[in-house]
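J.: below is the sequence, then the predicted model.
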Amino acid sequence: MNRSFAPLKSASSSKTTPMSMQATEAKIPISKDQHESIQEELLKDAEFAFFFREIEEDKKRLADMMNEIKSNLELISKIAAKKAALQDIQMALARGEVLHYEDQAIWDEGEARIVAELQEKKELDRKMRKEKLEIKTMIERNQNDLQKFCLESLGSSFSFEKSGRYYKIGRGAVDLQQPLGESLREVGMAFRSLLTDVERLRSLKYNDALEIIMRYEKAVGPHHKDLHSIQEVLKQMRDNVEMSRYSWCLAVRCLCDEMLLSDFIRTVDSITTSEEGSQDMGNSLNEQREFFQLMDQGRCRAQMQMKRVKEFNQMRNFFSEEEHQKFGTLVPVVPNTQRNKKQSGNNKRGGQKHNKFQKKPGHFSGEKRPAFKNGNKNDSPQAKRPHKKNKDGFRPVTDQK
């Protein structure tokens, strides 16, 4: 028999029901520590604390009632044993035997009194069991009301203990929190991580640099003492979107505490000890501007790849057979065509051959390179050689050879 899926219904054959999500409560097992943590937070609310204490008092009453029922049951058992012993005692007296003092006490008490006491204890047991059930029902009802109060009025989770196990009733995770915004501590950790990371500082882009400062602005609030300093850094960045990484480092020093400032200066100085590190810090945060700066420095990816291909192909003829097998296919071979030879020959005499269609070196498809916006020679850490390192600043690049 051929089995297949049922054909799909067309959109016109049935009405579609809009999809919706609803928050539902779930009962989740939790640890004792999590239960105590939830209770501690809930007890901060005065109304919850009042109802909670009432339930705890009812639980104590229930525990006391259970102990009283247990004690009364033990008495019922003893009285029932005395009633059962009366018949044996009567038979022993009929035989003329001398009674044991305990049996004599039972006989002296009399059957009527024993039966009456037994009935009294049984009636008391019935009343206590009824009261126990009422207390238990009241506790369950009050717990349900308290749970509803937590979920609906307080908007919090509710936890409880049952048979030595702990549970949470709520609409979300047990112990995960998602605050509305980042705390100063969280942003501060991210800020420190960036300012002490050599690789991230050397390749920092404008959007990433702007984002971390904007996160600080949101976290501090409108009345924080350092809000003006943060807004001043943002103003500098927006006024000069092509500022260098080094200029940005100088600008954000005012946002560092004493310990971070020391680590930050040490990180930047470790970068600028090398020529390439100095160039990276002097380059712009703006990606387009930095692209042309890397071209001028002969360090953009395409230039480095071209140089690598050229050198590799010059070395290829000197490879051993083993090196050919291992490395021969890593870089493509540059074909030496007749056209290349002809063009090369035309330029051997009389210098470079020009014509009216030839573009001058340095021109890129008729487009002008973007200029430094509001930039000047002081944007680069290589601008001047100071005689002495500033106490609160970074070591300028040109101090390093």
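T.: Done, it's in.

J.: list the buried residues of stretch 133-147.
T.: Residues of stretch 133-147 classed as buried: Ile135, Ile139, Gln143, Leu146, Gln147 (neighbour count, 16 or more other Cβ atoms under 10 Å). In short, each C-beta sits where N, CA and C put it, glycine included.

J.: wait, doesn't the second one sit right on Glu56?
T.: Pointing back at Ile139 there. No: the pair Ile139 and Glu56 does not pass the contact test of Cβ atoms under 8 Å, sitting 9.6 Å apart.

J.: what packs against the helix or strand containing Glu74?
T.: According to DSSP states H and E, Glu74 maps onto helix 46-94. In terms of contacts (3 or more Cβ pairs under 8 Å, 6 or more residues apart in numbering; DSSP states H and E), helix 46-94 is packed against helix 101-109, helix 111-148.

J.: mean pLDDT lowest where, among these?
T.: Mean pLDDT is lowest for helix 101-109 out of the helices and strands packed on helix 46-94, coming in at a mean of 81.

J.: need the contact partners of it.
T.: The list of residues contacting helix 101-109 from outside it, by Cβ atoms under 8 Å, 6 or more residues apart in numbering, reads Lys82, Ala85, Leu86, Ile89, Ala92, Leu93, Leu99, Ile114.

J.: change it to 7 Å
T.: Among residues not part of helix 101-109, those counted as contacts by Cβ atoms under 7 Å, 6 or more residues apart in numbering are Lys82, Ala85, Leu86, Ile89, Leu99.

J.: out of the residues you listed, which are buried?
T.: Neighbour-count burial within those applies to Lys82, Leu86, Ile89; the criterion is 16+ other Cβ under 10 Å.

J.: and Gly110, how many neighbours?
T.: In terms of burial, Gly110 registers 11 neighbours under the definition other Cβ atoms under 10 Å.

J.: which of the buried residues of stretch 133-147 lies closest to Phe191?
T.: Nearest to Phe191, judged by Cβ to Cβ, of the buried residues of stretch 133-147 is Gln147 at 42.3 Å.

J.: thought the closest one was touching Lys168?
T.: No: taking contacts as Cβ atoms under 7 Å, Gln147 lies outside contact range of Lys168: 10.6 Å.

J.: any shared contact partners between those two?
T.: Going by Cβ under 7 Å, 6+ apart, no residue sits against Gln147 while also sitting against Lys168.

J.: list phi and psi for Phe160.
T.: Reported as degrees, to the nearest 10, the phi and psi values for Phe160 are phi -150, psi 160.

J.: that one reaches Tyr167, doesn't it?
T.: Yes: counting by Cβ under 7 Å, a contact exists between Phe160 and Tyr167, whose distance comes to 5.9 Å.

J.: give me the outermost residue of this protein relative to its centroid.
T.: Residue farthest from the centre of the chain, counting by Cα atoms, centre = their mean, is Gly96 at 89.9 Å.

J.: residue ranges with poor pLDDT in the stretch 201-350 of the chain?
T.: When the per-residue scores of the stretch 201-350 of the chain are filtered using pLDDT under 70, the ranges that remain are 328, 330-350.

J.: what segments of it are strands?
T.: Listed in chain order, the strands found in the stretch 201-350 of the chain under DSSP state E, counting those that start in this stretch amount to none.

J.: can you pull out the helices in it?
T.: Here the stretch 201-350 of the chain has its helices, by DSSP state H, counting those that start in this stretch, at 206-220, 227-239, 245-252, 258-271, 275-282, 287-296, 301-316, 321-327, 338-346.

J.: contacts for the fourth one, please.
T.: Pointing back at helix 258-271 there. Outside helix 258-271, the residues within contact range by Cβ under 7 Å, 6+ apart are 192, 195-196, 198, 201-202, 249, 253, 256, 277, 281, 394-395.

J.: just the buried members of those?
T.: Among the contacts of helix 258-271, those buried by neighbour count (16+ other Cβ under 10 Å) are Arg192, Leu195, Leu201, Arg202, Cys249, Arg253, Cys256, Gly277, Met281, Phe394, Arg395.

J.: how about the residues you listed in TSV, adding distance to Met306?
T.: As requested, the buried ones among the contacts of helix 258-271 are exported to TSV (distance: Cβ to Cβ, whole Å):
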residue	distance to Met306
Arg192	39
Leu195	35
Leu201	28
Arg202	23
Cys249	32
Arg253	39
Cys256	41
Gly277	23
Met281	25
Phe394	34
Arg395	34
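
J.: and these, which is closest to Ser320?
T.: For those, with Ser320 as the reference and Cβ to Cβ as the criterion, the closest is Gly277, at 36.5 Å.

J.: isn't the closest one right up against Arg202?
T.: Yes: counting by Cβ under 7 Å, Gly277 touches Arg202, with 6.4 Å between them.

J.: the nearest residue to Met138 once chain neighbours are set aside: what's it in contact with?
T.: By the measure of Cβ to Cβ, 6 or more residues apart in numbering, the closest residue to Met138 outside its immediate chain neighbours is Asp58, 6.0 Å from it. Remark: with contacts taken as Cβ under 7 Å, 6+ apart, Asp58 is in contact with Ile135, Met138, Ile139, Asn142.

J.: again, but for Gln236
T.: By Cβ under 7 Å, 6+ apart, the neighbours of Gln236 are Ala251.

J.: for Phe48, see how far away it is.
T.: The spacing between Gln236 and Phe48, counted by Cβ to Cβ, to the nearest Å, is 50 Å.
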